[in-house]
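A.B. asks: Generate coordinates for the sequence data below:
(one chain, ligands or ions: 1)
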Amino acid sequence: MVSLIGAGPGDPDLLTIKALRCIEQAEVVVHDRLVSDEILNLIPQGIPKIYAGKGCGRHSMTQDEINQTLVNLANSGRRVVRLKGGDPFVFGRGSEEAMILKKENITFEVVPGVTSGIAASAYAGIPVTHRALSRGVLFVTGHFKNNEEVDLDWKGMANPELTLVIYMGLHNLSMITSNLIKHGLTPSTHAAVIENGTSSHQRKCIATLSTLEQQVAQQGLTSPALIVVGKVVGLSSELEWFESLNEEDTPPVSATLSYP
Ligand code: SAH
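C.D. replies: As a prediction, the model looks like this:
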């Protein structure tokens, strides 16, 4: 049995109860780079943790190697937990892993997680929809190799009635903001970058399409980060709540609740 689990965006208390139960029953865990240490610390002692992240100078596995590892571990008869940041089916390649498991006749379950696009926005005071400001949300990837022909639907994305949430786009920030302006959004459209959203070291930059790149560079924001574009970003100062919380307002939920 393999449980494909979303670990949420960073704040360990955003883990679901189902995810926590699976982690507590795991016999081996395969995890990604974006899963926080606080969550890895919930894995019972003695349970092997296999790092399958990409980047950051650590040894990285190809997707094929990850798939094969999951298959081998499941066939060894152990309860496998595959732990991913955010939600496993939102830019997480969880569905590719599920397809391989299905093909190999291995039983699996999917435990959705809180995706960073919604949660990091909320922690930055940005509701992804708001009556009269946004009729919907587009979740898109901003990851493409530099200088490659960009095949995003810029015209569809440059819609002032929508909120755009762009994952993996920080490296292409300049190209993204200039294309959105070129395809019809005004340079004064509200836009934000949120780094390490929902974690205790969350940082954010609230600006406009024309000023975002410069302000992000000034603040030195890095990955993991999301770009959020649209009128709802303008609510961020009014709805800001996370940075103004005091320590005593937020005892860790894990310290106050015992899960059934
Ligand atoms: N499955 C994940 C997304 C994986 S793609 C999810 O549902 O959230 C990796 C990208 O997600 C990063 O490049 C970044 O754009 C975004 N991301 C993940 N965690 C984040 C966080 N805590 N703060 C900001 N962006 C985050």
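
A.B. asks: which residues touch the closest residue to Gly8 other than its chain neighbours?
C.D. replies: Closest residue to Gly8 apart from its sequence neighbours, by CB to CB, 6 or more residues apart in numbering: Leu14 at 3.8 Å. Placement of C-beta: from N, CA and C, glycine included. Shown in contact with Leu14 (CB atoms under 8 Å, 6 or more residues apart in numbering): 8, 113-114, 119, 198.

A.B. asks: pLDDT value on Leu14, please?
C.D. replies: Here the pLDDT value assigned to Leu14 is 96.

A.B. asks: quick one on the thing from earlier: what's the most distant pair in the contacts of Leu14?
C.D. replies: Farthest apart among those by CB to CB are Gly113 and Thr198. That separation is 11.7 Å.

A.B. asks: Show me where the stretch 151-260 of the chain has its helices.
C.D. replies: 154-157, 173-182, 212-219, 236-239, 253-256 (DSSP state H, counting those that start in this stretch).

A.B. asks: mind checking which of those helices is nearest Ala191?
C.D. replies: Comparing the helices of the stretch 151-260 of the chain by CB to CB, helix 212-219 comes nearest, at 4.7 Å.

A.B. asks: count of residues packed around the residue in the stretch 151-260 of the chain positioned nearest to the ligand?
C.D. replies: The stretch 151-260 of the chain approaches the ligand most closely through Gly197 (3.3 Å), counting by CB to the nearest ligand atom. By other CB atoms under 10 Å, the residues close to Gly197 number 27.

A.B. asks: List the residues that contact it.
C.D. replies: Applying CB under 8 Å, 6+ apart, the residues contacting Gly197 are 9-10, 116, 119-121, 123-124, 204, 226.

A.B. asks: Reformat the residues you listed as CSV; add pLDDT, distance to the ligand and secondary structure.
C.D. replies: CSV is the format used below for those (pLDDT from 0 to 100; distance: CB to the nearest ligand atom, whole Å; DSSP: H, G, I helix; E, B strand; the rest coil):
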residue, pLDDT, distance to the ligand, secondary structure
Pro9, 96, 4, coil
Gly10, 92, 4, coil
Ser116, 98, 3, helix
Ala119, 98, 8, helix
Ala120, 98, 4, helix
Ser121, 98, 9, helix
Tyr123, 98, 9, helix
Ala124, 98, 9, coil
Lys204, 98, 9, strand
Leu226, 98, 4, strand
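
A.B. asks: now, which of these sits nearest Lys155?
C.D. replies: Once CB to CB is applied, the member of the contacts of Gly197 that ends up nearest Lys155 is Leu226, at 22.1 Å.

A.B. asks: which bits of the stretch 101-250 of the chain sit near the ligand?
C.D. replies: Taking CB under 6 Å from any ligand atom as the contact definition, the stretch 101-250 of the chain meets the ligand at 115-116, 120, 167-168, 194, 196-199, 223-226.

A.B. asks: Of the contacts of Leu14 - the most surrounded one?
C.D. replies: When neighbours are taken as other CB under 10 Å, the top entry among the contacts of Leu14 is Gly113 (29 neighbours).

A.B. asks: How about it: what's its closest non-neighbour residue?
C.D. replies: Gly6 (1.7 Å).

A.B. asks: Quick check: the one you found touching Thr115?
C.D. replies: Yes. With contacts defined as CB atoms under 8 Å, Gly6 counts as touching Thr115 at a distance of 7.4 Å.

A.B. asks: what about those two, which has more around it?
C.D. replies: Using other CB under 10 Å as the criterion, Gly6 and Thr115 rank with Gly6 on top: 27 against 24.

A.B. asks: Show me what that one bridges to in the sheet.
C.D. replies: Here Gly6 sits in beta bridges with Lys84, as judged by DSSP bridges.

A.B. asks: Contacts only, for it.
C.D. replies: Gly6 makes contacts with 16, 19, 84-89, 92, 94, 111-115, as judged by CB under 8 Å, 6+ apart.

A.B. asks: My read is that Gly125 contacts Gly234, right?
C.D. replies: No. At 10.3 Å, Gly125 does not count as touching Gly234 under the criterion of CB under 8 Å.

A.B. asks: Those two: who's more crowded?
C.D. replies: Gly125 (21 against 17).

A.B. asks: Much appreciated, bye for now.
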